[in-house]
Each structure stands twice: as C-alpha cells, then as structure tokens.
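just coords:
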C-alpha cells in the first residue's frame, strides 16, 4: 500500500504532479488542489482537497521549494524517537534489576 495507509503512493504522486504541472491554469494553487481532488474521486472514495494540499506541501518541502522537514528527515526522526523509547525502557529495566540484585546482595552479606 502506501506510507500514509489510506491512499496508494501512485495516487499521491499523481495528485501532486497534477497540481504542480497545472497550477498555472488556475487563479490560485488552492483552486488547482480542489480541482485535482475532485478529478481523482468522489468525496467518499478519493482524497479530499485538504489531503491533497498536505501532499503538495510535503512534496514542496522534499524538493526544497518550501522550508521544513523532508519526508526522509521525518522518517529518521520517527525512527530515532522509537529507538530512544526502547533504550529508555531497557534502561529502566536495568535500573530495576540493579536495585533488586543490590538489595539481595545486601541481605546475603548481613547473614
């Protein structure tokens, strides 16, 4: 499927390409986005205009036309956050184990 889950990557790429290639034919980029969203499907099956707008904005960031994090940077950030959470959990487990075994050693040495 796709990285966003609901729509195939091909549909997203096609929508972005249509907006960027034909945007000059409309009074504003928003008009182009609305038109493309309408052409790609009905409201219950195809992407809504806001979804297409988000795709276009991200594509502009990915190509350097707009400031912001690229898709690759966002994926790296997500991976690093997940890795950080795993390391924190492992650290908490090790701290708990050290406390448990430290207390156990103290009890054995007092006997």
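Thanks, I have it. What you are looking at is a predicted structure, and each value in this text was computed from that prediction instead of being measured.

Look up how far residue 60 lies from residue 23.
11 Å (C-beta to C-beta, to the nearest Å). C-betas here are computed from N, CA, C, even on glycine.

Which secondary structure elements does the top helix by length along the chain sit against?
Longest helix in the chain, counting residues (DSSP state H): helix 71-110. Packed against helix 71-110 by the contact rule (3 or more C-beta pairs under 8 Å, 6 or more residues apart in numbering; DSSP states H and E) you find helix 49-62.

Between helix 71-110 and the helix it packs on, find me the angle.
80 degrees (axes from the mean of the first three to the mean of the last three C-alpha atoms, to 10 degrees).

Helix 49-62: which residues count as buried?
49, 51, 52, 53, 55, 56, 57, 58, 59, 60, 61, 62 (16 or more other C-beta atoms under 10 Å).

got the contact list for it?
7, 12, 15-16, 19-20, 29-30, 33-34, 36-37, 40, 47, 66-72 (C-beta atoms under 8 Å, 6 or more residues apart in numbering).

if we go to 7 Å?
Applying C-beta atoms under 7 Å, 6 or more residues apart in numbering, the contact partners of helix 49-62 are 12, 15-16, 19, 33-34, 36-37, 66, 68-71.

so of those residues, which ones are in helices?
12, 15, 16, 19, 33, 34, 36, 37, 71.

before we move on, back to that, which one of the contacts of helix 49-62 is nearest residue 99?
Compare each of those with residue 99 using C-beta to C-beta and the shortest gap goes to residue 69, at 39.5 Å.

Need the pLDDT of the nearest residue to the closest one once chain neighbours are set aside.
Leaving aside its chain neighbours, residue 69 sits nearest to residue 61 (6.7 Å; criterion: C-beta to C-beta, 6 or more residues apart in numbering). For residue 61, the pLDDT comes out at 97.

so how far is residue 110 from residue 61?
In terms of C-beta to C-beta, residue 61 sits 63 Å off from residue 110.

got the domain boundaries for this protein?
Dividing the chain into domains by automatic domain parsing, as the record does, gives the ranges 1-68, 70-111.

Need the winner for burial among those.
domain 1-68 (a mean of 15; mean count of other C-beta atoms under 10 Å).

Run the chain-centre distance for it.
Centre-to-centre, domain 1-68 and its host chain are 16 Å apart (C-alpha atoms, centre = their mean, to the nearest Å).
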